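Peer 1: quick one: sequence and predicted model below, then my questions.
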Amino acid sequence: MASAQTALELKDIHKSFGDLKVLKGVSLTANDGDVISILGSSGSGKSTLLRCINLLENPSQGQILVGQEELQLKPGKDGNLIAANRKQLEQMRSRIGFVFQSFNLWPHKTILENIIEAPVQVLKQPKAEAIARAEQLLEKVGLADKRNAYPDNLSGGQKQRVAIARTLAMDPQVLLFDEPTSALDPELVNEVLAVMKGLADEGRTMLIVTHEMRFARDVSSQVVFLHEGQIEEMGPPEQMFNNPKSQRVQDFMSSHR
Ligand code: ADP
Ligand code: MG
């Protein structure tokens, strides 16, 4: 059997904000097709960890590899690590899709224009090609009829599905989700989770910060529990949900049923 290819590797990631040590040495590997859920209490460092991956936050220490390629880092003025090669950073960012809690769509652009913006501007795709791909993606997330609508006329669940389509338009190798359903009314959560489940089933590599426990149990290949900036425990969902070794994880799971 061929060994799985590494899609993303984080090695010993540290991050401080002033005196506050938020990440204290997190190491994590996602192989191609892995769906890794990241759980943990508020303030445990989940968002900071995701944001360090494409340098939305600059880690204080550590290494980041996308595929086999290591992101080149150097110390910045404040001691945190910054990209040593701007061009490489931009290229790596285009390989990592990030879906936020707040959808961050351009309000003055139509849904279609939102989706083709980065492929045309960043990837220099011909416009007709980008439009054809955007139409496929809108179909995939169930919003083909909204192509000419503006974000304000969509529900939160629809906006988040557009945000996912926009991310997919860059054809990223890895998808990062930071609480993608937390800002949604409860009745709109499932339509977004269904799209994400579809991506997992397609074999996409995903890191997902979520409080949707049932979803995490159903789609994850690995579950990571973060506590005060360190991995408290990680393992397959059967272990993490049914039989965690850590008392902290047990307590968290029983208070989040
Ligand atoms: P989580 O996503 O698990 O809720 P975060 O990664 O957002 O946790 O935050 C972890 C800790 O880092 C919190 O104590 C938070 O207040 C702090 N923090 C996050 N971002 C910043 C920032 N830009 N400046 C200062 N402190 C921050
Ligand atoms: Mg967070």
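Peer 2: Yes, it's here. Residues are numbered from 1 along each chain as shown. Ligands and ions are numbered 1, 2, ... in the order given.
Peer 1: how about the residues of the stretch 1-150 of the chain near ligand 2?
Peer 2: Taking C-beta under 5 Å from the ion as the measure of proximity, the stretch 1-150 of the chain contacts ligand 2 at 46-47. Heads up, the C-betas are built off the backbone N, CA and C, glycines and all.
Peer 1: any low-confidence regions in the stretch 1-150 of the chain?
Peer 2: Confidence mapping of the stretch 1-150 of the chain against pLDDT under 70 gives the ranges 1-3.
Peer 1: at 90 what do you get?
Peer 2: Low-confidence segments of the stretch 1-150 of the chain (pLDDT under 90): 1-4, 68, 79, 103.
Peer 1: mind listing what the residue of it found nearest ligand 2 touches?
Peer 2: When distances are taken as C-beta to the ion, the stretch 1-150 of the chain approaches ligand 2 most closely through Ser47, which lies 3.2 Å from it. Contact partners of Ser47, counting by C-beta atoms under 8 Å, 6 or more residues apart in numbering, are 178-179, 209.
Peer 1: could you list which of those residues also contact ligand 1?
Peer 2: Residues shared between the contacts of Ser47 and the neighbourhood of ligand 1: none [C-beta under 6 Å from any ligand atom].
Peer 1: pick the one among those closest to Ile131.
Peer 2: Proximity of the contacts of Ser47 to Ile131, judged by C-beta to C-beta, is greatest for Asp178, which lies at 28.5 Å.
Peer 1: who does the closest one bridge with?
Peer 2: Following DSSP bridges, Asp178 is listed with bridge partners Val209.
Peer 1: swap in Leu81?
Peer 2: In this entry, Leu81 is beta-bridged to Pro75, by DSSP bridges.
Peer 1: how close does Thr48 get to Gly62?
Peer 2: Noted for Thr48: a distance of 12 Å to Gly62, by C-beta to C-beta, to the nearest Å.
Peer 1: and these two? Which one has more around it.
Peer 2: Thr48 (21 against 18; other C-beta atoms under 10 Å).
Peer 1: elements contacting the helix or strand Pro119 falls within?
Peer 2: Here Pro119 is covered by helix 111-121, with elements defined by DSSP states H and E. Applying 3 or more C-beta pairs under 8 Å, 6 or more residues apart in numbering; DSSP states H and E, one finds that helix 111-121 makes contact with helix 127-140, helix 156-168.
Peer 1: centre of the chain to that helix, how far?
Peer 2: Between the centre of helix 111-121 and the centre of its chain there are 20 Å (C-alpha atoms, centre = their mean, to the nearest Å).
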